[in-house]
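Novice: Mind folding the following:
(chains A and B)
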Amino acid sequence: DTAVSQTPKYLVTQMGNDKSIKCEQNLGHDTMYWYKQDSKKFLKIMFSYNNKELIINETVPNRFSPKSPDKAHLNLHINSLELGDSAVYFCASSQASSWGNTIYFGEGSWLTVV
Amino acid sequence: GEDVEQSLFLSVREGDSSVINCTYTDSSSTYLYWYKQEPGAGLQLLTYIFSNMDMKQDQRLTVLLNKKDKHLSLRIADTQTGDSAIYFCAESRGSNDYKLSFGAGTTVTVRA
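Specialist: As a prediction, this is how the structure comes out:
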């Protein structure tokens, strides 16, 4: 039933490790996103893919690498994790229409780097 | 975000109306959204309004848009404890604008 689902929901890992967060949407949307929410709840876009093509790549360290195997999936791989990477990472999807480009979010993945 | 501003906190008594305000800077903003985030949960789309509208009502929610002042508000009638959450205002420029700009969120606390 879940429209945008991401795993894992919680992840605690040590500095220097490499980890991945997976995301899948069953809405048939063409566009998927990764957003980062920091400790002050501020949301910032990281990446966006449209039909498996990267269309937005904000100023994000290249330790973060998104991968979209198909338009229903967008995974986020993070190398050499740092303390400052601790945040909530939200996957989202949208479909452009005459009604706009309404974005639907997943439940979030809480990453804690220790 | 810099383009969208909201006050950070709002405390309201149960049963009263809540009004959450938002201002944006981009005059080409076409679509404006309100999202709700409950503790430990993701963002839930509450409602949205197009820039050619002044008002939109959806059950207890009323959205007002003053395009001249670039001011958006969300009114929640008969506020309940389940309305305690962070409310985010967001804007985009059109259906081909994939960058949704978010405000910093308003934390609404409903007290008995």
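
Novice: center of chain A, which residue is that?
Specialist: In chain A, the C-alpha nearest the mean C-alpha coordinate belongs to A:Trp34, at 2.8 Å (CA atoms, centre = their mean).

Novice: Identify the bridge partners of that one.
Specialist: Applying DSSP bridges to A:Trp34 yields these beta-bridge partners: A:Phe47, A:Cys91.

Novice: What confidence value was assigned to it?
Specialist: At A:Trp34, the model reports a pLDDT of 95.

Novice: what pLDDT does residue 38 get?
Specialist: Chain wasn't specified; assuming chain A. 92.

Novice: should've been chain B
Specialist: 94.

Novice: From A:Leu76, how far off is the nearest residue to it once chain neighbours are set aside?
Specialist: In space, and not counting its chain neighbours, B:Glu38 is closest to B:Ala85: 4.7 Å by CB to CB, 6 or more residues apart in numbering or on different chains. Any C-beta I mention is one placed from the backbone N, CA and C, and that applies to glycine too. B:Ala85 sits 25 Å away from A:Leu76, going by CB to CB, to the nearest Å.

Novice: Then B:Ser7?
Specialist: 32 Å.

Novice: what do you get for A:Ile103?
Specialist: For A:Ile103 relative to A:Leu76 (CB to CB), the value is 17 Å.

Novice: do the same with A:Ala3
Specialist: A:Ala3 is 18 Å from A:Leu76, by CB to CB.

Novice: Over to A:Ile56?
Specialist: With CB to CB as the criterion, A:Ile56 and A:Leu76 are 14 Å apart.

Novice: just B:Lys68 next, same as before
Specialist: 40 Å.

Novice: So the two - more neighbours on which side?
Specialist: More crowded of B:Lys68 and A:Leu76, by other CB atoms under 10 Å in any protein chain shown: A:Leu76, with 22 against 7.
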